[in-house]
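Asker: Next input, structure requested:
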Amino acid sequence: MKSQVFKSFVELTGHPFSSTLLKKFTTSSISKPLIKPFASFYHIQQEEAEYPINEYKSLNDYFTRSLKANSRPIDSDPNVLISPVDGMLSCAGIVNEQQNFVVKDKTYSLPALLGDSLKAAPYQNGYYYLFYLSPKHYHHFHYPISGELISRYALGTTSYPVNDLGIRLKEELFSSNYRIISEIQSNFGRVAVVKVGALNVNSVRIADSSRECVKGIDFGHFAFGSTVILFIENKSELTPLIDAIKEVQVGDRIGVWQS
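Answerer: Purely as a prediction, here's the structure:
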């Protein structure tokens with residue numbers, strides 16, 4: 001019973017009515033009694049949270065929690081690409097010459113995801129990483145490399161679950177879901193950080209709109225379940241440092257550019 005209750009909060013459908021009701025409930029004080037069982041059920045590391053668990057006002061307030069300072073050490077090497085999130089690195093690989101990439105044996109169009117072929121062009125023959133954030137994970141996202149923000153835009157409307165079931169059942173899942181793309185011009189070329197929502201209402205919150213991007217800085221969070229996809233421009237050689245199907249945390253080394 002407990003399992004079904006919590007799954008209903010985070011493994012969401014794309015129906016606007018049910019999504020709106022869910023949002024109202026989880027953001028209200030009525031949901032506060034569920035915080036402790038939620039944390040227990042998902043084995044959340046409560047000692048990392050910024051505040052004691054009793055201080056959170058609603059389930060969503062806890063779900064979007066910040067962490068205590070220095071909870072996630074950031075690699076300071078300027079040549080190192082870090083994980084922007086806590087989550088499961090579920091896929092990684094090359095964007096092919098047709099501007100396609102593969103997730104769970106399904107092929108996705110990068111132009112459809114980013115909006116058009118011109119936006120996708122810099123990432124052709126580049127590298128990508130896909131991170132899935134489950135309910136147990138810290139749901140803020142951080143800059144994976146330092147540089148200048150050169151574009152930020154939103155695409156999509158309705159959002160469907162981004163878990164394994166959603167990937168298997170929904171065609172062009174990532175390019176139909178609501179998403180916010182942030183493009184960073186780094187010393188090694190462009191890096192696109194694609195935040196894919198998983199709820200019909202806008203579940204991506206941007207907290208920092210400055211042009212300067214500093215590696216490791218928190219610049220927003222997801223209000224519900226989510227996925228982040230990184231795309232790396234094929235301008236200079238990136239050596240991946242981690243294989244897919246592995247848990248990662250913000251600040252973990254996932255790639256390095258050769259000096």
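
Asker: Can you tell me the closest non-neighbouring residue to His43?
Answerer: Nearest residue to His43 in three dimensions, chain neighbours excluded: Lys136, at 6.1 Å (C-beta to C-beta, 6 or more residues apart in numbering). Glycine gets a C-beta too; all of them are placed from N, C-alpha and C.

Asker: just Val191 next, same as before
Answerer: Ile184 (4.7 Å).

Asker: SS state for that neighbour?
Answerer: strand (DSSP: H, G, I helix; E, B strand; the rest coil).

Asker: What residues does it make contact with?
Answerer: Tyr143, Ile145, Gly147, Glu148, Leu149, Ile150, Arg190, Val191, Ala192, Val193, Cys213 (C-beta atoms under 8 Å, 6 or more residues apart in numbering).

Asker: in the sheet, who's paired with it?
Answerer: Leu149, Val191 (DSSP bridges).

Asker: before we move on, what about His140?
Answerer: Applying DSSP bridges, one finds that His140 bridges with His221.

Asker: Which pLDDT does the model give it?
Answerer: His140 is assigned 96 on the pLDDT scale.

Asker: hang on, the earlier thing: got TSV for the contacts of Ile184, with neighbour count, distance to Gly251 and pLDDT too?
Answerer: Shown next, in TSV, are the contacts of Ile184 (neighbours: other C-beta atoms under 10 Å; distance: C-beta to C-beta, whole Å; pLDDT from 0 to 100):
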residue	neighbour count	distance to Gly251	pLDDT
Tyr143	25	11	98
Ile145	25	12	97
Gly147	21	17	97
Glu148	12	21	97
Leu149	18	20	97
Ile150	12	24	96
Arg190	20	22	96
Val191	25	16	97
Ala192	23	20	97
Val193	25	15	97
Cys213	24	15	97
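
Asker: Closest one of those residues to Thr27?
Answerer: Val193 (25.5 Å; C-beta to C-beta).

Asker: what's the nearest residue to that closest one if we skip its chain neighbours?
Answerer: Ser182 (4.6 Å).

Asker: same deal with Arg211?
Answerer: Leu149 (4.9 Å).

Asker: Show me the shaky parts of the stretch 151-259 of the chain.
Answerer: 157-176, 198-202, 225, 259 (pLDDT under 70).

Asker: residue boundaries of the helices in the stretch 51-200 of the chain?
Answerer: 59-63, 110-114, 117-120, 164-169, 173-176 (DSSP state H, counting those that start in this stretch).
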